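Colleague: just a sequence and a predicted model for now, questions to come.
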Amino acid sequence: MCGIAGIGFFTDHDKAEASVRSMTQAIQHRGPDASGLWMHESCMLGHRRLSIIDTSEAGNQPFHSADGNISLVFNGEIYNYLELRDELKKRHTFKTSSDTEVIIAAYQEWGIQAVQHFIGMFGFALWDESKQALFIVRDRLGVKPVYYCESPNGFAFASEIRALLDGDVAPRKLNRSAIGEYLCYQTVHAPNTIVEGVNMLMPGHWIELRATGMRIESYWDAAHSGSPVHYDKREDALVDIANTLRSSVDLRMRADVPFGAFLSGGIDSSAVVALMSEVSTHPVSTFAITFKEKEFDEREHSRKIAQMYGTDHHEIELSADHFLKMIPEALSAMDHPSGDGPNTYVVSKATRAAGIKMALSGLGGDELFAGYDVFKRIKSIGAKPWLNLVPRWMRSVGGSAFHRMKPGPAGEKIRELLALQCIDAASAYGLTRKLLPNDLAHSILGSTALNLDNYQSIIHSAFSANHPMLSCISLAEMTTYMQNILLRDADQMSMAHALEIRVPFLDHRLIERVLRIPDHWKYPNTPKQLLTDALGDRIPDSIIHRPKMGFTFPWNQWMRGELKSFCEEQLHHLKRCDAIQHEVILELWQRFLEGDKSITWSRIWPMVVLGHWMNQHRIE
């Protein structure tokens, strides 16, 4: 796990060198073990290294082929590098035991289509001297980020936006067309970002850059890739899912440094620990964040799994007050603003302090195995086409009446749902994670247009896939909330502490199988039933049927109390943003302080984060 940066086809060599040096310096937190810079007349590559596989200096980057034709900077891990190495060593000579060298050999063997052979998480840039071409690649699920922009001095890319800003290759200007999307969904969805002129490379895509121009191409997407797997009966599917997940866990345990697993005691983390224990010859190290306050604490459940599998269990006890004090610190680590993130920051900091450089996580289990309530709700709406037989005006009247009886976010979403031109699963899903209704967003934006076209395009693409309804909902979850909030936050918050997080549930082989499972085999009559049935007695019933917790801290209390002055200071920074109506934001803040139930903390917090982020990065 590392950080990459570079510029291709620049016009001013000295400026390009200064930019890449600044970009590499800006992401030093991602790789404290080594740094490197390679300069060429057409391309410059920078790297920061966090050594996980082959920790020797021989694995430092930029890395070059023996003949000097290929130069590479790489962030991430190729988990099946040993199998690829065995296949390639008949025709290629290896001088290191790193997965970085395997990427180069695979490219020499198969060209850029080598990415089809990789199982892993990655963002890398590869210069091919013979073709005078720069390839920039992102992994299939978007676990690792790659940002890019076209600057006056060439095409620049990096693992983080702050690198592009500090390298003076991207303007410190807010992307006005994306502000409404951020306010409504607490993030900006790729390929767009919150910074004008900066894009995020989409998951499963690569860029081919030559002096004559740029081409972006998709090499994988969850909705259409992979060979359909046919199962004669559900039992066959369960066996295959269990075996594929076990293989995914096994591959992600390859490391030359101390590692462990996050263990909350929920279904997903328990599944990962159970499978790790099966393939490991030593007790698995598990890490549970516990809290002094019982209402937040899950140690009872994590201890049960730790005892069941005999893990080397570590409990890192925090207090809500400790968490509270780290919130400003967490926001300062944020590369792209998000309404979430501090939770991952706190967990990552505590785990890294315990001496761990890599940890496996259960992230992705809810999205893949229908773990959220939204799966049942949207499937139910999709099964009610008769709703559209009621005239729209009549539905709108009913929705408005419901909202008057039940003011607040839930009532607003019902009102917006019933007012839709056509009520279907895709349109209904678009409201599930929406923080602000359109009328409130319009009042904040004033004359700035509310542009949600990119988000709606992603949603409709997910629901137009030739998959069962629950799988379409999975696609929507993975391509919006998971990729653009959970994974981005996991990357920027863990790498702030040079901690690598691996996610076994996001193995593309597993995803291709589960998305093709029919709904009547997958429907969660019990929590994540397809997953728990596949794992059998590896997870006890007491874990399967325990209430979902997560981090449910008293944000309402904090923002009205200990964080009040901090929040007001950050909201004040938004005054210089002419794309929003600052007086409207102050009015909403006052309504929140007075206890207006329609203005929840989750509607205000993303604005606090945006103000902090703009001020920290000097964004116009």
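Modeller: Cool, got the structure.

Colleague: on the three-state scheme, the nearest residue to residue 217 once chain neighbours are set aside is what?
Modeller: Closest residue to residue 217 apart from its sequence neighbours, by CB to CB, 6 or more residues apart in numbering: residue 206 at 5.9 Å. Where you see a C-beta, it was placed from the backbone N, CA and C, and this is true even at glycine. Of the three states, residue 206 takes strand according to DSSP: H, G, I helix; E, B strand; the rest coil.

Colleague: cool, and residue 501?
Modeller: Assignment for residue 501 (three-state DSSP): strand.

Colleague: now do it, the pLDDT please.
Modeller: Looking at residue 501, its pLDDT is 95.

Colleague: what bridges to it?
Modeller: Beta bridges link residue 501 to residue 359, judged by DSSP bridges.

Colleague: so it touches residue 364, yeah?
Modeller: No. Using CB atoms under 8 Å, residue 501 is not in contact with residue 364; the gap is 11.2 Å.

Colleague: who does the residue nearest to residue 217 bridge with?
Modeller: Here residue 206, judged by DSSP bridges, has bridge partners residue 137, residue 217.

Colleague: thought residue 115 was touching it, still the case?
Modeller: Yes. With contact defined as CB under 8 Å, residue 206 counts as touching residue 115 (6.9 Å).

Colleague: hey, what's in contact with both of the two?
Modeller: 137, 219 (CB atoms under 8 Å, 6 or more residues apart in numbering).

Colleague: list the buried ones in stretch 128-148?
Modeller: Using 16 or more other CB atoms under 10 Å as the test for burial, stretch 128-148 gives 128-129, 133-148.

Colleague: ends of that stretch, what's the gap?
Modeller: 19 Å (CA to CA, to the nearest Å).

Colleague: starting at the chain centroid, how far to that stretch?
Modeller: Distance of stretch 128-148 from its chain centroid, counting by CA atoms, centre = their mean, to the nearest Å, is 18 Å.

Colleague: cool, and stretch 465-484?
Modeller: 14 Å.

Colleague: number of nearby residues for residue 77?
Modeller: 28 (other CB atoms under 10 Å).

Colleague: do the one 4 residues further on as well
Modeller: The local packing of residue 81 (other CB under 10 Å) involves 26 other residues.

Colleague: can you pull the contacts of it?
Modeller: 53, 98, 99, 102, 120, 254.

Colleague: relative to residue 102, how far out is it?
Modeller: Distance of residue 81 to residue 102, computed by CB to CB, to the nearest Å: 4 Å.

Colleague: stretch 541-551 - what's its average pLDDT?
Modeller: Mean predicted lDDT for stretch 541-551 stands at 81.

Colleague: any idea how far the residue nearest the centre of the chain is from residue 343?
Modeller: Nearest to the geometric centre of the chain sits residue 487, at 1.4 Å (CA atoms, centre = their mean). Residue 487 is 14 Å from residue 343, where distance means CB to CB.

Colleague: what of residue 528?
Modeller: From residue 528 to residue 343 the distance is 21 Å (CB to CB).

Colleague: more neighbours: those two, which one.
Modeller: Using other CB under 10 Å, the more surrounded residue of residue 528 and residue 343 is residue 528, with 25 against 16.

Colleague: more crowded one of residue 206 and residue 115?
Modeller: residue 115 (25 against 21).

Colleague: contacting residues for residue 78?
Modeller: Contacts of residue 78 (CB under 8 Å, 6+ apart): 84, 99, 102, 103, 118, 119, 120, 122.

Colleague: hmm, 7 Å instead?
Modeller: By CB atoms under 7 Å, 6 or more residues apart in numbering, the residues touching residue 78 are 99, 102, 103, 118, 120, 122.

Colleague: I'd like to know how far the last one sits from residue 139.
Modeller: Same thing as residue 122. 5 Å.

Colleague: so what sits against both of those two?
Modeller: Counting by CB under 7 Å, 6+ apart, the residues touching both residue 122 and residue 139 are residue 76.

Colleague: that's a strand at residue 290, yeah?
Modeller: Yes. Counting by three-state DSSP, residue 290 is found in a strand.

Colleague: do you know how far the nearest residue to it once chain neighbours are set aside is from residue 257?
Modeller: Spatial nearest neighbour of residue 290, excluding adjacent residues (CB to CB, 6+ apart): residue 299 at 4.4 Å. Separation of residue 299 from residue 257 (CB to CB): 27 Å.

Colleague: tell me which of the two has more neighbours.
Modeller: residue 299 (18 against 14).

Colleague: confirm residue 466 sits in a strand?
Modeller: No. Read with three-state DSSP, residue 466 is coil and lies in no strand.

Colleague: show me where pLDDT drops low in this structure?
Modeller: For the chain, the stretches flagged by pLDDT under 70 are 1, 50-59, 228, 549-552.

Colleague: at 80 what do you get?
Modeller: Scanning the chain for pLDDT under 80 picks out 1, 32, 34, 49-61, 226-229, 293-297, 320, 408, 547-553.

Colleague: per the record, what domains does it have?
Modeller: 2-218, 234-370+472-544, 373-470, 555-616 (automatic domain parsing).
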